[in-house]
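Colleague: next come a sequence and a model predicted from it.
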Amino acid sequence: MLTSFLPSRSCKRSFSFLVLWTCLCWAVFRISSDDHLIDPNSQVERMNIKTRELLGKTMQGKVENSTLSTPSLSGAGSTTEGDENNHVEAVPAIDRSPKLNETDLVNKLQPQMPNLPIVYWQQNKNKKMGKNKTCAKYPDIYDLHFNNKYWQVTETSNGTFYLYGAYLDVRSKNRLGPTVRILGMINRLEPKVKTFCQLWFSDSKEPVFSKVLEYKYIWYKKWGNYKQGLFQPYLLACQLPKTHWGKAPASVSIVENQCDTATINLRVIHNKPEGEKKKFAVCVKGMDFPDDDLSVRLVEWIELLNTLGADKIFLYNLEVHPNVTKVLDHYSSLGLVDVTPISLPGYQPNLPVLQHMYLKSKLNNKRQNELIPYNDCLYRNMYRYEYIALLDIDEVIMPIKHNNWADMMKEVITTSMKVKNETRASWNFRNVYFMDEMLDLHEPDHFKDIPPYLHMMQHVYRSANYTKPGQYVKCFHNPEKALILHNHFPLGCLGGVCTSYPVDTSLAHLQHYRQDCVSTLKKSCKNDFKSASVKDTTIWKWKDAVIGKTTEALQKLGFFGTPDNRNSVNSVLP
């Protein structure tokens with residue numbers, strides 16, 4: 001029975017033939033593989049080289065996910081020895097700028113922190129400055145109490161001062177004479193604590209002491225938030241002694257006792273005009289739209305204001321969309337805008353998104369915080385411009401009869417002087433709404449000869465009714481007379497009562513582009529403002545200029561992109 005399991009002779013022959021044929025095929029294959037017969041590891045090495053090359057390209061962003069594939073094990077496209085050496089000898093493109101010394105760092109930092117006297121400190125830090133060894137020492141910049149980057153803090157026996165900026169006021173109508181005014185927020189109503197200014201001059205090692213004469217409240221109690229403990233906006237004032245008239249202090253500190261070593265030291269800003277005084281400055285409160293890409297709207301607005309005669313637009317930045325930053329950087333490089341980063345003082349949130357949520361929820365807190373950039377903008381520019389306007393980026397003071405603001409204001413001044421022969425503190429323009437829905441109602445297909453992305457040029461239907469005189473107006477302010485500014489009117493003026501002249505709507509008005517009325521008019525909005533609308537194409541006088549400038553700017557900034565990414569919302573993100 002055992003013999004029945006042994007293979008037959010024919011099976012043995014078949015098996016032997018199969019083994020012999022396999023060996024012969026292997027030998028032919030090896031011979032045809034040229035030099036790899038000598039180096040059996042070359043295929044593995046080639047695979048490793050190919051893999052490293054692919055990984056390197058991927059790290060450099062040269063290989064997209066859609067094109068990634070497994071490295072080929074064939075010999076085609078192998079990397080040469082020279083290519084491998086190039087990877088070894090390659091130099092990464094990193095910043096190899098020489099390290100800056102302290103003077104260079106200080107000069108770099110000063111424009112970023114205009115309210116910090118860092119240059120003055122650096123020039124004098126090795127000098128013994130103070131009244132004496134124990135009284136009113138000049139504060140080291142590293143001992144100042146900073147808060148949220150741009151604020152400085154001092155604790156008093158009755159309230160905490162969060163101070164933002166200091167300015168030299170030598171205007172002719174200032175009854176106090178040369179005065180240093182300090183802008184900030186205090187968590188007290190009607191502060192009674194006695195404080196002093198330590199005024200530091202470049203030609204002296206000792207400070208000059210001056211009492212804080214007043215705490216000017218930049219708010220009306222009837223507007224709300226009139227509570228102890230909340231941050232309230234104030235403008236403080238310290239007179240320069242007559243011995244120092246004609247001099248500009250380099251910095252100022254606020255202390256409760258004259259000999260205290262201060263925890264605050266602000267650079268005193270005294271921006272004289274470079275050459276002739278310019279005509280029009282526009283100030284924009286802290287911008288807060290982190291998720292709204294208003295970049296194209298902003299380009300159109302800047303170009304329109306520039307065409308009307310704005311010499312420069314000063315914007316304060318809390319948090320904006322990256323595309324808006326791209327636009328602001330562009331116009332900053334052209335000298336048409338100036339952007340100042342700002343934060344909220346104290347315990348208020350400055351984290352991205354949370355800050356936006358806070359400001360939407362706490363409207364009165366928001367409005368009180370806005371008064372800091374408005375008044376900082378006034379005092380930084382009061383000697384450099386004839387007129388200062390506080391505008392939002394959905395508002396335009398629109399001349400009706402004239403081609404620019406300068407010609408318009410000539411007639412406004414002439415007309416106002418006929419009414420009463422006195423220089424006004426401001427000239428106010430009535431508000432009228434250009435609602436989004438009005439265009440769709442009257443022109444469902446919109447205007448074909450105007451690019452659809454130009455919001456203001458397209459939206460030429462407005463409410464037939466203006467808001468009431470004095471309500472929601474905006475002004476051209478006279479910086480020779482304005483002492484403290486609110487969004488709509490000056491709240492205090494040099495020389496006494498603030499006088500504001502209402503400009504007739506036949507000369508100009510405030511065009512306000514909105515989706516809906518402001519919250520306080522929501523109940524009456526439909527009947528008073530939406531029910532009747534009229535076509536107003538005044539803006540078309542500048543249509544060709546604005547279309548050309550806006551389109552050119554958007555092209556330079558890459559907003560039109562390529563046909564492949566034109567519809568991508570992120571196509572122009574830096």
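Modeller: Good, I have the coordinates.
Colleague: count of residues packed around K326?
Modeller: When neighbours are counted by other Cβ atoms under 10 Å, K326 registers 17. Placement of C-beta: from N, CA and C, glycine included.
Colleague: would you agree it falls within a helix?
Modeller: Yes: counting by DSSP: H, G, I helix; E, B strand; the rest coil, K326 is part of a helix.
Colleague: my read: it touches S295, true?
Modeller: Yes: using Cβ atoms under 8 Å, K326 makes contact with S295 at a distance of 6.7 Å.
Colleague: lowest mean pLDDT among the helices and strands of the chain, which one is it?
Modeller: helix 42-59 (a mean of 46; mean pLDDT, DSSP states H and E).
Colleague: could you look up the SS state of the residue nearest the centre of the chain?
Modeller: In the chain, the residue lying closest to the centroid (Cα atoms, centre = their mean) is N317, at 3.0 Å. Look at N317: counting by three-state DSSP, its state is strand.
Colleague: from F289, how far off is it?
Modeller: 11 Å (Cβ to Cβ, to the nearest Å).
Colleague: could you tell me which residues touch both of those two?
Modeller: Both N317 and F289 lack any common contact, where contact means Cβ atoms under 8 Å, 6 or more residues apart in numbering.
Colleague: ok so, going back, surely the residue nearest to the centre of the chain meets V327?
Modeller: No: in this structure, N317 is not within contact of V327 by Cβ under 8 Å, at 11.7 Å.
Colleague: sorry, back to before: where does the residue nearest to the centre of the chain land on pLDDT?
Modeller: Looking at N317, its pLDDT is 97.
Colleague: hey, what's it bridged with?
Modeller: M287, P341 (DSSP bridges).
Colleague: from S332, how far off is it?
Modeller: Relative to S332, N317 is positioned 11 Å away (criterion: Cβ to Cβ).
Colleague: now list whatever residues contact both of those two.
Modeller: With Cβ under 8 Å, 6+ apart as the test, N317 and S332 both reach V339.
Colleague: how about the helices in the stretch 201-350 of the chain?
Modeller: Remark: helices assigned in the stretch 201-350 of the chain by DSSP state H, counting those that start in this stretch are 295-308, 322-333.
Colleague: run the chain-centre distance for stretch 309-329.
Modeller: Remark: stretch 309-329 is offset 5 Å from the chain centroid, using Cα atoms, centre = their mean, to the nearest Å.
Colleague: likewise stretch 87-102?
Modeller: 30 Å.
Colleague: what about it, how long is it end to end?
Modeller: Using Cα to Cα, to the nearest Å, the end-to-end distance of stretch 87-102 comes to 38 Å.
Colleague: tell me which residues of that stretch are tucked away?
Modeller: Within stretch 87-102, not a single residue qualifies as buried, counting by 16 or more other Cβ atoms under 10 Å.
Colleague: and the pLDDT at the spatially closest residue to T179 that is not a sequence neighbour?
Modeller: Among residues not flanking T179 along the chain, D169 sits closest, at 4.6 Å (Cβ to Cβ, 6 or more residues apart in numbering). pLDDT recorded at D169 is 98.
Colleague: R181 is in contact with D169, correct?
Modeller: Yes: assessed by Cβ under 8 Å, D169 is found in contact with R181 at 5.3 Å.
Colleague: got the contact list for the closest residue to W542 other than its chain neighbours?
Modeller: Closest residue to W542 apart from its sequence neighbours, by Cβ to Cβ, 6+ apart: T307 at 5.1 Å. By Cβ under 8 Å, 6+ apart, the contact set of T307 is N404, W542, A545, V546, K549.
Colleague: how much space between T307 and E274?
Modeller: 23 Å.
Colleague: try V91
Modeller: 44 Å.
Colleague: how far is stretch 116-124 from where the chain is centred?
Modeller: 26 Å.
Colleague: nope, stretch 397-410 is what I was after
Modeller: 28 Å.
Colleague: which of the residues in it are buried?
Modeller: I397, M398, P399, H402, W405, M408, M409.
Colleague: among those, which ones are in helices?
Modeller: If you go by DSSP state H, these have W405, M408, M409 in helices.
Colleague: neighbours of Y164, how many?
Modeller: So Y164, with other Cβ under 10 Å, has 22 neighbours.
Colleague: okay but it is in contact with W151, surely?
Modeller: Yes: Y164 is in contact with W151 according to Cβ under 8 Å; the separation is 5.8 Å.
Colleague: tell me, what's touching the two both at once?
Modeller: Common contacts of Y164 and W151 (Cβ under 8 Å, 6+ apart): G184, P345.
Colleague: tell me the SS of C197?
Modeller: strand.
Colleague: which residue is the nearest non-sequential neighbour of it?
Modeller: C238 (3.6 Å).
Colleague: partners of the residue lying closest to P191 once chain neighbours are set aside in the sheet?
Modeller: The shortest distance from P191 to any non-neighbouring residue, by Cβ to Cβ, 6+ apart, is to Y215 (4.9 Å). Beta-bridge pairing of Y215 under DSSP bridges involves L236.
Colleague: how about the contacts made by Y215?
Modeller: Residues near Y215 by Cβ under 8 Å, 6+ apart: I186, E190, P191, Y234, L235, L236.
Colleague: now the buried members of those residues.
Modeller: Here, 16+ other Cβ under 10 Å leaves I186, P191, Y234, L235, L236 buried among these.
Colleague: so the fourth one touches M185, yeah?
Modeller: No: counting by Cβ under 8 Å, L235 does not reach M185; the two are 10.7 Å apart.
Colleague: circling back: any idea how far the residue nearest to the centre of the chain is from L298?
Modeller: Taken as Cβ to Cβ, the span from N317 to L298 is 12 Å.
Colleague: joint contacts of these two?
Modeller: L328.
Colleague: Serialize the ones in helices among the buried residues of stretch 397-410 to CSV and add fields for pLDDT and distance to P111.
Modeller: Converted to CSV, those look like this (pLDDT from 0 to 100; distance: Cβ to Cβ, whole Å):
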residue, pLDDT, distance to P111
W405, 98, 29
M408, 98, 34
M409, 98, 32
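Colleague: give me the residues contacting stretch 167-183.
Modeller: 163-166, 197, 199, 210, 213, 233-240, 242, 244-246, 248-249, 252, 254, 266, 268-270, 372, 375-376, 379-380, 382, 480-481, 494-495.
Colleague: likewise stretch 112-130?
Modeller: So stretch 112-130 is in contact with 102-103, 106-107, 109-110, 136-138, 140-141, 150, 164-166, 200, 202, 205-207, 250-251, 265-269, 340, going by Cβ under 8 Å, 6+ apart.
Colleague: sitting in strands, which of the residues you listed do you find?
Modeller: Counting by DSSP state E, the contacts of stretch 112-130 place Y164, G165, A166, W200, S251, L266, R267, V268, I269, T340 in strands.
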